[in-house]
Every structure is written in structure tokens, then in C-alpha cells.
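I'll drop the sequence and a predicted model, then ask my questions.
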Amino acid sequence: MGKLVQLSTVAVLVAIIAILGVRSKQYGWEKDEVVKIFLDLKERLGFWAIPLYVSIHTLSLSFCLPFAVFFEGGASLLFGFLPAVFCVFVAKVLAASLSFWIGSYIRTCFADNAPLQDICPTTTQIEKNIFINGFLCKNPNNVTASDFKTSRLNHSGDTDNFLRSSVDFVTAAEFPGLNTMGLSVARTDMAVDGMVQPHYHPRASEMFYVSRGVIIAGFIDTRGRLFQQHLKEGDVFVFPRGLLHFCLNAGFDLATAFSVLNSQNPGVMRLADAMFLTDSDVLQKLMKKMIGLSAMELGHMKNTTLMGLEENVSS
């Protein structure tokens, strides 16, 4: 609903600018004609002439700067010197705020800043005492095609562990060509009954593509609602940025999925690392959200490990 209101606001602003454009053709935007128009409006509107002027001038500064020259030039003729200075100052402050809001709204789909050059593969020849937000660029004369290829995701990971799963992340630190591109990739392998424990990425959304097997994937939003789907080969699921999500192998064979994240360093925060689940009630509530079981069914389960829960569900 909030985004709909924002889009409607932008649409109204564009419509106002379009109306001004039509009027500009009608009156030719000669200086005398413009002053005459505003003098007529001032007489009709009285007190409301100044707020209207400030509003229109704010829009002209934000969307059509050439028209703003006419408004500033006519302000002193309409209102006098001091009121004109005040009106122009207020309009510029409002225009700066509006431009900043529009720029922030347009950039909401990008997790990382836009690159300032075509390519910037990560360099490994840096001193250990240099700390920056990202990675330094490789010398452009030393950039080769191999900087934009990786074979780290060619092979299955080791699933011989408690969770029976493996996640291999490839970021700009391991894949030089990803530097400044705002992307990272990952491969997830899960043996039968395997799962990836609940986690979230604070700096990126994730597009999850199932390459092999059958997978249950889901996430929990900030209102505690569970969004969960059974995925098969070729299916794609999206984990929104910053939301707790998970996946588990729901088939009878190895399951493999590939992910693309819209940040070169998405970060990973695992639920198990963030809190100690020593209370079995907490673990049961978590499993209820993940697997979708009722509280009564959870009450009959004896094994509260992640793998044990999935085995009981499968049986």
C-alpha cells in the first residue's frame, strides 16, 4: 500500500509538469506573459498565491530546471523583494528534499552502489593493513578473461555433517569479476533428509534456482507469516532481503540448488549462531513455523533435532 501511494504521488507530480508544458506552448513562456499569468493568479488566490508559487517552483526545480529560471525571475515582480527571497529559499529547500526522496526511491532495488567504471576485478596484491568498504581494483592492464570465470560451483559440496548439507558461497573475494557488480552466487547441496538451517542475508535478496531434486523452501516475514513452497527441478524461489529463510530436501535423492544474490557481499547470519536454543520449547516453536505442523503433533514428538523432526514428518 505504501509503494502504491508513492507511485501515485510521482504520477501526480508528472501530470502537473505535463500541464505546465501545455500551458507553456499556449502562452509561449515570454516573460511578460508569464508575469501576467501569475499576477492574475495572485489577485484571484490572495493569501494562497505564495504557497502555490512555492509548490510550483519546487516542482520546476526538481523536474524541469529551465522553467525554474522564469519563476525565480518573476518572484520579485509578484511579491516584492523580501517575500520573493523567502519564497525562493523555501522552494529550493523543498526541491532538494524532493529530489533526495525520488533518488532514494529509485535506488531501492539496488543493494550495492552502482559501479563507476566498466570493470573492476578484485586485486589480491594489497597490504593487510588497508581496510575499505569493498575491494580494490586490479590494474586495468592486467585484467584478463579468466577474472570473469569461476569453477568453484562445478562440484557437489560435502554433505557428511549433522545437517547433511553444504553451501558454497562465491563472492567478490573469491571471484574477482564480481567486484563492483553487486552480485554473488552460491551452490547448495542437500543429501536425503538434509537441510540448510534458518538464516538471513542482511545486505541482499536471494533468487533460489532448483537444479536437481525436490526441495521445500520458505521464509518468515516480520509479521511472523510463513511463506513456503515445494520446489522441483527448474523452479525458482525468492528470499527477500533480511528475512529469515530455510530449505530442506523433500525428495529421495541428492538435491542441488544455485542462488544469485544482489550484493557482492550479502553476509550470512544463522539463527543458531545468533542464539543458543537450550530451551526445547523455543526449538519446537521454530520447527512448527518451518515444517507447518500443529502444536499437538509437535507434542507427540520425542526427537527435537532438526533431522529427527524431518524423519518423523517423512514417516
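Yep, it's here. Keep in mind the model is a prediction, meaning the values are calculated, not measured.

and residue 54, what does it touch?
Contact criterion CB atoms under 8 Å, 6 or more residues apart in numbering gives 87, 90-91, 94 as the residues in contact with residue 54. Placement of C-beta: from N, CA and C, glycine included.

if we use 7 Å, what do you get?
Each residue near residue 54 by CB atoms under 7 Å, 6 or more residues apart in numbering is listed here: 87, 90-91.

what's the pLDDT at it?
In this model, residue 54 is scored at 78, pLDDT.

ok, and for the helix or strand hosting it, which residues are buried?
Counting by DSSP states H and E, the element that carries residue 54 is helix 49-63. For helix 49-63, burial by neighbour count (16 or more other CB atoms under 10 Å) applies to 49-50, 53-54, 56-63.

and the gap between the closest residue in space to residue 95 that isn't next to it in sequence and residue 82?
Using CB to CB, 6 or more residues apart in numbering and skipping the chain neighbours, the partner closest in space to residue 95 is residue 61 (3.5 Å). Distance of residue 61 to residue 82, computed by CB to CB, to the nearest Å: 20 Å.

the helices in this structure, which residues?
The residue ranges that make up the helices of the chain, judged by DSSP state H, are 2-27, 31-45, 49-63, 65-79, 81-106, 271-274, 280-291, 295-299, 306-314.

walk me through the domains of this protein.
According to automatic domain parsing, the chain is divided into the following domains: 2-109, 146-274.

lowest average pLDDT across the ones you listed?
Here the domains of the chain differ in mean pLDDT, and the lowest is domain 2-109 at a mean of 67.

how about the strands in the stretch 101-250 of the chain?
Across the stretch 101-250 of the chain, reading from the start of the chain, the strands by DSSP state E, counting those that start in this stretch fall at 165-170, 184-190, 195-200, 206-212, 215-220, 226-231, 236-239, 244-249.

picking that back up, out of the domains of the chain, deepest packed?
For the domains of the chain, the largest average neighbour count (mean count of other CB atoms under 10 Å) is found in domain 146-274, namely a mean of 18.

right, and residue 256 touches residue 214 too?
No: using CB atoms under 7 Å as the test, residue 256 is too far from residue 214 to be in contact (11.2 Å).

send the alpha carbons of stretch 146-161 over as CSV?
Extracted as CSV, the C-alpha positions of stretch 146-161 are listed here (Å, rounded to 0.1, in the frame of the first residue of the first chain):
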residue,chain,number,x,y,z
SER,A,146,39.9,-15.5,-16.5
ASP,A,147,38.9,-12.9,-14.0
PHE,A,148,35.3,-13.3,-15.1
LYS,A,149,35.1,-17.1,-14.8
THR,A,150,34.9,-19.4,-11.8
SER,A,151,34.8,-23.2,-11.5
ARG,A,152,34.1,-23.2,-7.7
LEU,A,153,30.5,-24.3,-8.2
ASN,A,154,31.2,-27.2,-10.6
HIS,A,155,31.2,-30.0,-7.9
SER,A,156,28.9,-31.0,-5.1
GLY,A,157,29.8,-30.0,-1.6
ASP,A,158,30.5,-32.3,1.4
THR,A,159,27.2,-33.3,2.9
ASP,A,160,28.7,-35.6,5.5
ASN,A,161,27.7,-33.5,8.5
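
quick check: closest non-adjacent residue to residue 83.
Counting by CB to CB, 6+ apart, the nearest residue to residue 83 once its immediate chain neighbours are dropped is residue 50, at 6.9 Å.

can you tell me how far that neighbour is from residue 58?
Distance check for residue 50 against residue 58: by CB to CB, it reads 13 Å.

what residues does the closest residue to residue 243 other than its chain neighbours make contact with?
Excluding its sequence neighbours, the residue lying closest to residue 243 (CB to CB, 6+ apart) is residue 219, at 4.8 Å. Residues touching residue 219, when contacts are defined by CB under 7 Å, 6+ apart, comprise 227, 239-240, 243-245.

of these, closest to residue 43?
Of all the contacts of residue 219, residue 43 sits closest to residue 240, with 54.0 Å by CB to CB.

hmm, the closest one is touching residue 206, no?
No: under the contact definition of CB under 7 Å, residue 240 does not touch residue 206, with a separation of 8.4 Å.

distance across stretch 182-197, terminal residue to terminal residue?
Between the opening and closing residues of stretch 182-197 we find a distance of 25 Å, counting by CA to CA, to the nearest Å.

give the bridge partners for the residue lying closest to residue 169 once chain neighbours are set aside, please.
Nearest residue to residue 169, sequence neighbours excluded (CB to CB, 6+ apart): residue 186, at 4.7 Å. Using DSSP bridges, the bridge partners assigned to residue 186 are residue 169, residue 259.

isn't residue 186 up against residue 168?
Yes: the criterion here is CB under 7 Å, and residue 186 meets it with residue 168 at 6.4 Å.
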